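Novice: model the structure of this input:
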Amino acid sequence: MTGASPEELAEFLAESQENLDRFDRDVLALESDPSNRDAVASAFRAIHTLKGTCGFLGFGRLEGLAHDGESLLARVRDGAVRVDAAVADALLALEDAVRRSLDAIAATGDEDDEHWEELRARLVALAEQAHEAPRSVAGANAVVFAPAPSSGAPAELSSGPESQASVEGDVARGAEPDGKSGARPTLGETAVRVDVGLLDRLMNLVGELVLARNRVMQLAQSEGSAALAASTQQLSIIASELQEQVMKTRMQPIDTLFAKLPRVVRDLARELGREVELVLEGRDTELDRTIIEAIRDPMTHLIRNAIDHGIEPPDERRSQGKAAHGVLRIDAYHEGGSVIIDVSDDGRGIDLEAVRARALARGLVHADELARLGPREVAELIFVPGFSTATTVSAVSGRGVGMDVVKTNVESVGGSIDIDSDPGRGTRMRLRIPLTLAIIPALMVETHGQRFAIPQAALAELVRLELDGRHSLVEIVDHTPVLRRRDRLVPLLDLGAILGLAPPFPERGLDAVSVVILSAGATSFGIVVDRIVDTQEIVVKPLGQFVSQLQCYSGATILGDGRVALIVDVGGIAQLGGLAVERAHETTSESVGEAESEAEPVIVLAAGGTERLGVRLREIERLEEFALGAVEYVEGHEVVQYRGGVMRLVRLAHLVGLASQPARPDPINVIVAVDPAGQLVGLVVDEVLDMALAPVSRTHGAIVLDGKLVRVLELDALLERAGEVSHV
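Specialist: Modelled structure (predicted):
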């Protein structure tokens, strides 16, 4: 039993896990390129630090195991032993044994009693054998994992220099005598380790501050005092800045997740007899740490699924004219306030006929329903619980438990997952997840006097429905009201009726209602509400133990006037309304259904002359109007005060090379977006004309909507070009 204090023990466990993460990365790099001396030095330092700390804290068994690993790495460092598959296997087995022991220490405070005699004997035997010193090898921009050692030229890790980012400063051949020196040469001078619980408490306090700020701002508006308004604005600016900085403390690069994937791919490729080239892009993309933890298991399962079901064995790939090794590519990037993670492979793709046959055999869908489903909807049947196309049960797959859990876990953090598969060429799984769960943009709606928040990520379109002409716009299909919208039928769910607040809207004698068209996976439907209130950033609060059992709510928030508003769970509302599987009613034909499932909303606008321009809805934050008198000048550039800060204005017509209107309209129409630096920028347009669904494959370039040509813009590229242009 160690005599370390709880604080020392926690520090030891955290530092050891970090060292093991680096050790894992270095061993895989050495297996790909045995001449990588930086990786040798880094791995040696990691295991040396672990050995020294274990000895200091009295963990003698761990110290001895680490010593054997250190001895083997010393031989590698001196050029006496070459890192081959056997050496890499032994070092990775050492890592796994240490992790299991660390888990036991975290649970009980003491080492476990696992027997390591065989592992230690392997390490000693490998250290005693001599090999020819490795020669320098030029590597490719990927790492190829094969079922057996390859005689060809090995490759480097996919991220190039990034993969060795943890090795900073001078890379020495050995480690300093002090076990902790050299472990992180520069990190200690610029960073400190902070307890995660403290960050969570800070985030909660900032959330309370944001709520208090909203209430104070509402009071200031009602009082009409200029002095109070000025002080409130200053408070708002400070609170917003504090909120932004505290949220940054919770953000982590997705590389903390990516770093563990090469080992998963390596082990699985060897187990299944595959050759896999892993390519990782976007390691610096940042996410809230809570979301990273939530998607860790789904990502691992997607990778296992891609290697097991997607990438073919080498002989099969050669017979099809493909390279022997399959490519598994993972890309992460920011887009429209969300993070996109693409997991794609160049394997066999999804066998849609096999999916149809298995779905029918297991009774997961009726034959008549299956006949109406398009290819994308058939592919999404793999998310149904209990579905599997594997003919045998193995440790990897075949039990029908997996993809449904992946979908559930991704949706639990407000994300979505889409499939794009091309038989014989590969499959892409796209995860769209929010940056953070703490504070999210939401649409505030009201029905029967009650306010509700709808996450903006699910929003597709807003429609004002005048009920005087409802017989031409609203139809009844299988006892369900549907809205005819651009040659498609959108099912309508009355939010008040579903929640038991009011009778269905056709029975209430209303002159008009608002329809919020939402997307839940491949399903689009409309929620009928009395009115649209506003859009705002809301602080997400967890539900109490009784309300949390209701599937229609995902959380709650406190409004500026102190009232509580429940956050609508879009998927839960769809299920309550009976739209879980019934996609057949969404369109008038199968061909229209396929087009709709592969479409996304586009804002159609005018910004100079008669040409129509389009911007994807997910790339913008809000649509606003500002009085012309609200435009101010800072260093010769037009700006407006917006949400407690100053927002730059840029005329969209100038960016796209069009002539803008000579007259200045009042008010001016502004599309609010986020530039590459993370700052809000207002794009001034002449008029917002419409919102329409455009095919995903054509959302860049020219499309035809309602018989007229619309040029869809690359908004991110335009914002990069915006520079200092800000003339209204």
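Novice: may I have the beta-bridge partners of E335?
Specialist: Beta bridges link E335 to S338 when assigned by DSSP bridges.
Novice: so what's A93 scoring on pLDDT?
Specialist: A93 is assigned 91 on the pLDDT scale.
Novice: mind telling me what element it is part of?
Specialist: helix 85-108 (DSSP states H and E).
Novice: can you count the residues close to Q551?
Specialist: 12 (other C-beta atoms under 10 Å). Every C-beta, even on glycine, is put in place using the N, C-alpha and C of the backbone.
Novice: for D113, same thing?
Specialist: Counted with other C-beta under 10 Å, D113 comes out at 8.
Novice: reduced to three states, what does it come out as?
Specialist: Secondary structure for D113, judged by DSSP: H, G, I helix; E, B strand; the rest coil, is coil.
Novice: and the pLDDT at it?
Specialist: 74.
Novice: so it versus A104, what's the distance?
Specialist: 9 Å (C-beta to C-beta, to the nearest Å).
Novice: now swap in L257 and tell me
Specialist: Computed as C-beta to C-beta, the L257 to A104 distance reads 25 Å.
Novice: more neighbours: which of those two?
Specialist: More crowded of L257 and A104, by other C-beta under 10 Å: L257, with 21 against 15.
Novice: how many other residues sit next to the nearest residue to the more buried one once chain neighbours are set aside?
Specialist: Spatial nearest neighbour of L257, excluding adjacent residues (C-beta to C-beta, 6 or more residues apart in numbering): I292 at 5.4 Å. Residues within reach of I292, counting by other C-beta under 10 Å, total 21.
Novice: and if you look at L287?
Specialist: Using other C-beta under 10 Å, the number of residues around L287 comes to 26.
Novice: just the pLDDT for it.
Specialist: 85.
Novice: ok, G707 next?
Specialist: 66.
Novice: where does this protein have its least confident helix or strand?
Specialist: Each helix and strand of the chain was given a mean pLDDT (mean pLDDT, DSSP states H and E); the minimum falls on helix 590-597 at a mean of 39.
Novice: the helix or strand following that one pairs with which strands, parallel or anti?
Specialist: Note on helix 590-597: by DSSP H and E, the next helix or strand toward the C-terminus is strand 599-606. Strand 599-606 has its sheet partners listed here by DSSP bridges as strand 612-616 (antiparallel), strand 687-695 (antiparallel).
Novice: return the distance of strand 599-606 from the chain's centre.
Specialist: On the basis of C-alpha atoms, centre = their mean, to the nearest Å, strand 599-606 is displaced by 24 Å from the centre of the chain it belongs to.
Novice: alpha carbons of that strand, as PDB, please.
Specialist: Backbone C-alpha positions of strand 599-606 (Å, rounded to 0.1, in the frame of the first residue of the first chain) are rendered in PDB as follows:
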ATOM      1  CA  ALA A 599     -31.200  18.100 -49.600                       C
ATOM      2  CA  GLU A 600     -30.400  20.900 -47.200                       C
ATOM      3  CA  PRO A 601     -31.900  24.400 -46.600                       C
ATOM      4  CA  VAL A 602     -30.500  27.300 -48.500                       C
ATOM      5  CA  ILE A 603     -31.300  31.000 -47.900                       C
ATOM      6  CA  VAL A 604     -32.200  32.700 -51.200                       C
ATOM      7  CA  LEU A 605     -31.300  36.400 -51.400                       C
ATOM      8  CA  ALA A 606     -30.700  39.400 -53.600                       C
END
